[in-house]
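In: Sharing a model that was predicted from the sequence below.
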Amino acid sequence: MARLQLEDLQLARGGQTVLEHLDGRFMDGAITALIGANGAGKSTLIQAMMGMLRPVAGKVHCEVPKERRAWLPQQLALDLTFPMSVEELIMTGSWPSHGAFTGYCAAHYRRGREIMARLGISHLAHRPLGELSGGQRQRALLGRTLMQEAELLLLDEPFANVDVETVDVLMNVLREMADNGATLIVVLHDMEQLSRLADDVLILSGGHGRWASPESLLERYAGQPPKAPRLPLTFPDTFHAGTA
Ligand SMILES: Nc1ncnc2c1ncn2[C@@H]1O[C@H](COP(=O)(O)OP(=O)(O)OP(=O)(O)O)[C@@H](O)[C@H]1O
């Protein structure tokens with residue numbers, strides 16, 4: 001089953017085409033790595049998949065209800081000076097389905113506590129967001145999507161500026177979400193993270209998308225020095241490993 005599909009999609013920013021003839025299916029229960037150089041169109045595609053950017057042509061078919069779609073933007077794009085605690089942030093995950101002004105019931109608070117325990121941030125429940133480290137912040141943001149019971153989760157570089165222990169926690173939680181049937185799409189730049197997490201890969205390059213298996217990508221770039229595991233910034237047009 002694939003509740004998210006792209007059909008001959010064309011997307012533009014500022015009147016310029018960014019991506020065209022993009023096809024593919026994102027399988028339920030799978031984690032897809034979205035990769036490509038800076039400016040390749042990853043954020044543009046994410047916005048289209050979230051229903052925030054109208055395609056120039058083609059379609060994004062998404063059967064996941066809007067209240068179950070979540071987007072975790074790059075940390076740099078977030079204004080976390082808003083006076084809110086970790087627990088308060090996590091509880092807002094119930095807003096899309098229960099509304100912002102209906103208040104929380106005991107079950108919401110119980111679930112919030114379970115989520116904080118799962119993410120190892122119970123001790124930070126009352127800490128303001130502005131006083132968190134990058135890793136703590138990312139755990140709290142993922143906690144919000146767990147509260148939302150997201151079935152489609154798009155994450156833009158979730159492991160950037162995050163400590164190794166947090167990377168492990170986040171990866172385990174993401175895998176659990178996928179095992180429970182959620183569709184996950186993760187913008188990644190790191191080969192090691194891709195090999196640990198991805199079931200499938202969508203490469204954006206030169207205005208087009210190509211699908212690949214993680215294995216084929218790793219095989220192709222196996223000779224890279226281990227201390228420089230970042231993915232290459234360009235992908236040759238001849239690279240067509242795998243299809244949607
Ligand atoms: N609001 C905008 N108006 C005009 N052009 C834009 C706008 N946002 C992005 N672009 C352009 O669209 C193209 C794709 O940008 P996008 O942000 O989707 O790339 P990206 O792959 O997410 O890059 P990065 O890895 O740097 O985050 C780029 O050429 C960018 O300059």
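Out: Yep, that arrived.
In: who in this protein is up against the ligand?
Out: By the rule CB under 6 Å from any ligand atom, the part of the chain lying against the ligand is R13, G14, V18, G36, N38, G39, A40, G41, K42, S43, T44. C-beta here means a position set from N, CA and C on the backbone, and glycine is covered the same way.
In: Please identify which pair of those residues lies farthest apart.
Out: Across the residues of the chain next to the ligand, the longest distance by CB to CB is 18.5 Å; it joins G14 and G36.
In: Comparing the two, which residue is more hemmed in?
Out: G36 (23 against 5; other CB atoms under 10 Å).
In: any idea which element the closest residue to the more buried one other than its chain neighbours lies in?
Out: Nearest residue to G36, sequence neighbours excluded (CB to CB, 6 or more residues apart in numbering): L204, at 3.5 Å. For L204, the element it lies in under DSSP states H and E is strand 200-205.
In: how about whichever helix or strand comes after that strand as PDB, C-alpha atoms only?
Out: Counting by DSSP H and E, the next helix or strand C-terminal to strand 200-205 is strand 208-212. Output of strand 208-212 as PDB, limited to C-alpha atoms (Å, rounded to 0.1, in the frame of the first residue of the first chain):
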ATOM      1  CA  HIS A 208      14.500  15.300 -12.000                       C
ATOM      2  CA  GLY A 209      14.000  12.500  -9.500                       C
ATOM      3  CA  ARG A 210      15.500   9.100  -9.600                       C
ATOM      4  CA  TRP A 211      14.700   6.200  -7.300                       C
ATOM      5  CA  ALA A 212      17.400   3.900  -5.900                       C
END
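In: Could I get the average pLDDT for the helix or strand that comes right after strand 208-212?
Out: Per DSSP H and E, strand 208-212 leads on to helix 214-220 as the next helix or strand towards the C-terminus. Helix 214-220 carries an average pLDDT of 86.
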